[in-house]
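> Just a sequence and a predicted model for now, questions to come.
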Amino acid sequence: MIEVALLLVALLALWLFVRIVQRRIESCKPVPLSETALKRGFIPGLASGWMPYPGVTAICALTAIGGVLAPEAPPFTGRWSGTRALLYELFGPYGWSALFALAAAAFATQAVAKYEEGGVQRREQKAP
């Protein structure tokens, strides 16, 4: 029963997200490009700055939390079995989680650094 409720909540959240993005796109007026901008071609904007880092941070943090809540024990199988066995020997059952927590911290730090160095171009500044 709880799985069905979680699925319905997730579908509702997805629908709400789609509606918000749809309204944002519809309310945005297109900015005509100048002739020099058209000759210059594509220049990476928002996506090349800090945008990917929070998502990767969230994935790493959730993987670390999952590893803390349900730690794995040897024998490990699969592609990363050697790395998991090494981390288990060095740090115990929470070694894999520690690796992902460290990765989450690194990605979060990189996101803040990219944001602070001006990797974010606001819409008002982009208009020619």
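Structure's in. What do you need?
> Can you name the element that comes right after the strand or helix carrying residue 15?
According to DSSP states H and E, residue 15 maps onto helix 2-27. Later in the chain than helix 2-27, the nearest helix or strand by DSSP H and E is helix 35-40.
> Work out the gap between that next one and the centre of the chain.
Its chain's average C-alpha position is 32 Å from that of helix 35-40, according to CA atoms, centre = their mean, to the nearest Å.
> For the following helix or strand past that helix, give me every contacting residue.
For helix 35-40, the following helix or strand on the C-terminal side (DSSP H and E) is helix 52-69. Residues from elsewhere that reach helix 52-69, judged by CB atoms under 8 Å, 6 or more residues apart in numbering: 94, 96-98, 100-101, 103-104, 107-108, 110-111, 114. (Each C-beta comes from the backbone N, C-alpha and C, glycine too.)
> Spatially central residue (nearest the centroid) of this protein, please.
Closest to where the C-alpha atoms of the chain average out (CA atoms, centre = their mean) is residue 55, at 0.9 Å.
> Could you tell me the model confidence score at that residue?
For residue 55, the model assigns a pLDDT of 90.
> Please report how far the residue in the chain sticking out farthest from the centre lies from residue 29.
Distance from the centre of the chain peaks at residue 35, with 35.2 Å (CA atoms, centre = their mean). Counting by CB to CB, to the nearest Å, the separation of residue 35 from residue 29 is 20 Å.
> And residue 97, by the same measure?
For residue 97, the distance to residue 29 - CB to CB - is 47 Å.
> what about the two, which has more around it?
Comparing residue 97 with residue 29 by other CB atoms under 10 Å, the one with more neighbours is residue 97, at 21 against 5.
> Work out for me the element the more buried one sits within.
helix 95-116.
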